[in-house]
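Asks: fold the following and give me the result.
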Amino acid sequence: MSAGTISIEKAQELVGQEVGLSNWRVVSQEMIDQFAAATDDHQFIHTDPERAARETPYGSTIAHGFLSLSLLSTMVFEAVPLLEGSSMGVNFGFERIRFLAPVRCGARIRARFVLANLNVRPSGIVEVNYDVTVEIENSLKPALTAHWLTLAMPDRSKEG
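Replies: Reported below is the predicted structural model:
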């Protein structure tokens, strides 16, 4: 479910403020296994619950850091309003990512989005940058922090 829409002018007033908080999301073993299959990263700390419990300090398998990072796409959609007049958002990259704490299998995570910057290009494309924190329920340390660069692409379908 989308978080609705917001005008560019109103969004510009929110620079420096939290603009979204996603719902909690369970990181299941099935999700971890599917990510392992998609990325061909089958390290036992992710995919072998018995061995991970026995040989790691985590007591269970943990999610790939990139799995937690990849969930930002769905969490931003549910938490942050879309810019009016845009047809889609596109990843533009990251200026920094830090993986600060492991996400154990079965943990719940959510993302906080602070609007760090918003810049309207002459083309109508809007650069939207977020400072993101992915929290782990009942953990003092977040799973990750990142400075995420995105582009809101103008809806050209209505142009004449």
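Asks: run the chain-centre distance for whatever helix or strand E135 lives in.
Replies: E135 belongs to strand 126-136 when assigned by DSSP states H and E. A distance of 7 Å separates the centroid of the chain from that of strand 126-136, by CA atoms, centre = their mean, to the nearest Å.
Asks: paired strands for it, with orientation please.
Replies: Note on strand 126-136: by DSSP bridges, its sheet partners are strand 108-120 (antiparallel), strand 144-154 (antiparallel).
Asks: can you give me the buried ones in the shortest one?
Replies: This means strand 144-154. 144, 146-154 (16 or more other CB atoms under 10 Å). C-beta: built from backbone N, CA, C; applies to glycine.
Asks: how many other residues sit next to M88?
Replies: Residues contacting M88 under the criterion other CB atoms under 10 Å number 10.
Asks: and the residue nearest to the spatial centre of the chain, its phi and psi?
Replies: In the chain, the residue lying closest to the centroid (CA atoms, centre = their mean) is L72, at 1.5 Å. Main-chain dihedrals, L72, degrees, to the nearest 10: phi -60, psi -40.
Asks: quick one: residues contacting it.
Replies: By CB atoms under 8 Å, 6 or more residues apart in numbering, the contact set of L72 is 111, 132, 134, 146, 148.
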